[in-house]
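Asker: make a model of this:
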Amino acid sequence: MPKLTIDGREVEVEAGTTILQAADYLGIEIPRFCYHERLAISGNCRMCLVEVEKAPKPVASCAMPVADGMVVHTDTPMVLKARKGVLEFLLINHPLDCPICDQGGECDLQDEVMAYGADRGRFAENKRAVKDKDYGPLVKPTMTRCIHCTRCIRFITDVAGVPELGGTGRGENLEVGTYVQKVLSSELSGNIIDLCPVGALTSKPYSFAARPWELKKTESIDVFDAVGSNIRVDARANQVMRVVPRTNDDVNEEWLGDKSRFAVDGLMRQRLDRPYVRRNGKLEPATWPEAFSAIAARLKGAAGVKLAAIAGDQADAEAMVALKDLFTRLGSPSLDCRQDGAKLSGPRVSYLFNSTIAGIDAADALMLIGTNPRLEAPVINARIRKRWMAGGFSVGVVGPKTNLTYKHEHLGEGASVLSAIADGSHPFAAKLKAAKRPMLIIGQGALARVDGDILLGLARKIAEATGMHSAEWNGFNVLHTAAARVGGLDLGFLPAGGGRDVEGILAGAEKGEVEVVYLLGADEIDMQRLGKAFVIYQGHHGDAGAHRADVILPGAAYTEKSGTYVSTEGRVQRTQLAVFPPGEAKEDWKILRALSEVLGKALPYDTLAEVRARLADVNPVFAAVDRIEPAAWASFGADGVPAADPLASPIDNYYMTDPISRASKTMAECTATFVGCAHKRTGTNG
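Answerer: Numbering: from 1, shown residues only. Sure, this is the predicted structure:
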């Protein structure tokens, strides 16, 4: 390992480390624009110039590997003069429109000008201007401000895997844009806003909305998919203005999917802010006592077997445990958290992403079954691409042909391929067996089928036959699409003895055998099948469930409560209250606690701490916040011959999968722009 000296301080680093990285290790700040630790090195902004003894001229520290005995100076007069010169050149064509730029207050260029800028410019000619471009409904380009750092190009090409940005022209005529006039079609396009060190790329929905110093910042968790991406919620007054990612190398690194970032404008639309009771066929506003009285009157004397509850995809664990406890006291065995009917109810290992998201980096072969991670979990898809870019990584796909942003072998669309891989007769089985750390990912497109338990059993057999699990490695993974799913399974929010699952509840409601159905934010079921059942809907948006309800209890969205969620990899994480629920809406567990008292079945907890103690009593994993608890291998799934139907992804429209995104104006624009041109998302990789 080479040793070098930076500003009189000696440090030993790994071979291949750059001078800039070594300085960061010592806490010595070197300014930079083009360099980013998660992107390929370009070395083209020259802001990171340093002086290296015996070198004839200043050196770009981001692109210069360290050498043994190297002596570096970062604050000499020559270095300061070089940086001032570079900054003066960068400002030659910059419009200097900071007062109207959305990047103001968060701009790297502003910060560096404060440190190295001059008090006047020597450039007297006309400034360059660039024609406005259209990148779609999410990213607002003002490329006159661009300093050609190429961060956006490197991200879209290398990380997102959608090479639609590039530079055309040379010198002063160089422009960053799409090669042909088109919008950016990546589900991760919003990340180039964070990466841009100036105001060239900003958020179009957030344009001219707020200044960063006006915002209250709250660390939280994303619930638009099951990844559990770490986010920061920025709010002003009682309105969420934007959501940006937080760095967590084990989960989302520092990336975030576009739906998670931009759908938050849906939090202000179609909200339920007061209780409603259906009278004479029409929903009318009511008070909380009136709503509770209507429920109590309907439940009075009702047999427990005629009651049922379904938990939605964004329900927090506190609300689910309260609903489960209440319905258990009412004598109902019919509970389910699987709106899509996924055949998951076995040991914990059977429904977790056991390799962990970070474990993708260590795998050397992958098989995807009935899933399209590009739409179901864009951040995980980017992680898979990152591993593929490193080389030595075979990917096989059983399901529909699609562009996953990395080369893969399409094994077929039918489930019969799985049987051939399980018995070793398929050529891809040999690749899995030869790998040191093979893994598979089975999605809800396979598990939500009628024969989902058989496909789950086949996936287990493949894992066992190809050596996917051992004391050090577990390559069996389930990719969930619902943030609440793993938490619900951990809590046992499932049919008890003699109870009905979602299909049974709907069938029973059609026949009149189920008389009362409680929907906890459940909007993804067929409401027509609820028949004449008395429907209680507790949620935050006027979506499908609210339209069918007989009583509406307004709940809180994920930004309006402190809630516990379990990610697809089994990581317990918590949201934090960033703004208060609108109107008379309340936190979900509090609604259920109050209702239980009216029904004469009072739940034994009154505070959030007591509810979370109850969670840990039901399942100890809830006491291990932000930790992965490995699950022991066990037998799961069913034997049998799968149906001949082709496998498919459960998501057709990435931008509208839940009540919040369906209420979002921005997501509606994305749907019109991208889903209306579905051919942009199809095709195979060459």
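
Asker: contact partners for N619?
Answerer: 490-492 (Cβ atoms under 8 Å, 6 or more residues apart in numbering). To be clear about C-beta, it is placed using only N, CA and C from the backbone, and glycine gets the same treatment.

Asker: hmm, I typed the wrong one, I wanted I525.
Answerer: Here I525 is in contact with 310, 339, 502, 506, 519 (criterion: Cβ under 8 Å, 6+ apart).

Asker: buried set for the helix or strand hosting D24?
Answerer: If you go by DSSP states H and E, D24 is part of helix 19-26. Buried positions in helix 19-26, judged by neighbour count with 16 or more other Cβ atoms under 10 Å: 19-24.

Asker: counting contacts, what elements does it pack onto?
Answerer: If you count contacts as 3 or more Cβ pairs under 8 Å, 6 or more residues apart in numbering; DSSP states H and E, helix 19-26 packs onto strand 3-6, strand 9-12, strand 49-52, strand 70-73.

Asker: got the contact list for the third one?
Answerer: Contact partners of strand 49-52, identified using Cβ under 8 Å, 6+ apart, comprise 19, 23, 30, 58-61, 64, 70-74, 76, 78-79, 82-83, 86.

Asker: can I get that strand in CSV? Just the C-alpha atoms.
Answerer: In CSV, the C-alpha atoms belonging to strand 49-52 read as follows (Å, rounded to 0.1, in the frame of the first residue of the first chain):
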residue,chain,number,x,y,z
LEU,A,49,-6.1,21.0,-9.3
VAL,A,50,-3.3,20.4,-6.7
GLU,A,51,0.5,20.8,-6.7
VAL,A,52,2.6,17.6,-6.7
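
Asker: could you spell out the sheet neighbours of that strand, each with its direction?
Answerer: The pairing partners recorded for strand 49-52 under DSSP bridges are strand 59-60 (antiparallel), strand 70-73 (antiparallel).

Asker: tell me which of these sits nearest to F674.
Answerer: strand 59-60 (38.4 Å; Cβ to Cβ).

Asker: what's next to the closest one, contact-wise?
Answerer: So strand 59-60 is in contact with 19, 43, 46, 48-52, going by Cβ under 8 Å, 6+ apart.

Asker: mind putting these in TSV, distance to K407 included?
Answerer: Shown next, in TSV, are the contacts of strand 59-60 (distance: Cβ to Cβ, whole Å):
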residue	distance to K407
I19	35
G43	28
R46	35
C48	34
L49	39
V50	39
E51	44
V52	40
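
Asker: need the max-distance pair from the residues you listed.
Answerer: G43 and E51 (16.7 Å).

Asker: related to what we said a few turns ago, turn the strands paired with strand 49-52 into a markdown table, including mean neighbour count.
Answerer: Formatted as a markdown table, the strands paired with strand 49-52 follow (neighbours: other Cβ atoms under 10 Å):
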| stretch | mean neighbour count |
| --- | --- |
| strand 59-60 | 20 |
| strand 70-73 | 20 |
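
Asker: of the ones you listed, which is nearest G676?
Answerer: Nearest to G676 among the strands paired with strand 49-52 is strand 59-60 (44.7 Å), distances taken as Cβ to Cβ.

Asker: how about the helices in the stretch 551-686 of the chain?
Answerer: In the stretch 551-686 of the chain, the helices defined using DSSP state H, counting those that start in this stretch lie at 588-598, 608-618, 659-662, 665-674.

Asker: winner for burial among those?
Answerer: Among the helices of the stretch 551-686 of the chain, helix 659-662 has the highest mean neighbour count (mean count of other Cβ atoms under 10 Å), at a mean of 25.

Asker: re earlier: higher neighbour count, G43 and E51?
Answerer: E51 (19 against 14; other Cβ atoms under 10 Å).

Asker: on that earlier part again, mind picking the two most distant members of the buried residues of helix 19-26?
Answerer: Largest separation among the buried residues of helix 19-26 by Cβ to Cβ: I19 and D24, giving 9.8 Å.

Asker: which stretches in the stretch 51-200 of the chain count as strands?
Answerer: Using DSSP state E, counting those that start in this stretch, the strands found in the stretch 51-200 of the chain span residues 59-60, 70-73, 139-141, 165-168, 175-178.

Asker: what pairs with the fourth one, parallel or antiparallel?
Answerer: Looking back up the chat, that one is strand 165-168. strand 175-178 (antiparallel).

Asker: what comes into contact with the partner strand?
Answerer: 130, 133, 135, 141, 143, 146, 148, 150, 152-153, 164-169, 184, 200.

Asker: try 10 Å this time
Answerer: The contact list for strand 175-178, computed with Cβ atoms under 10 Å, 6 or more residues apart in numbering, reads 128, 130-131, 133-136, 141, 143, 146-153, 156, 164-169, 184-185, 200-201.
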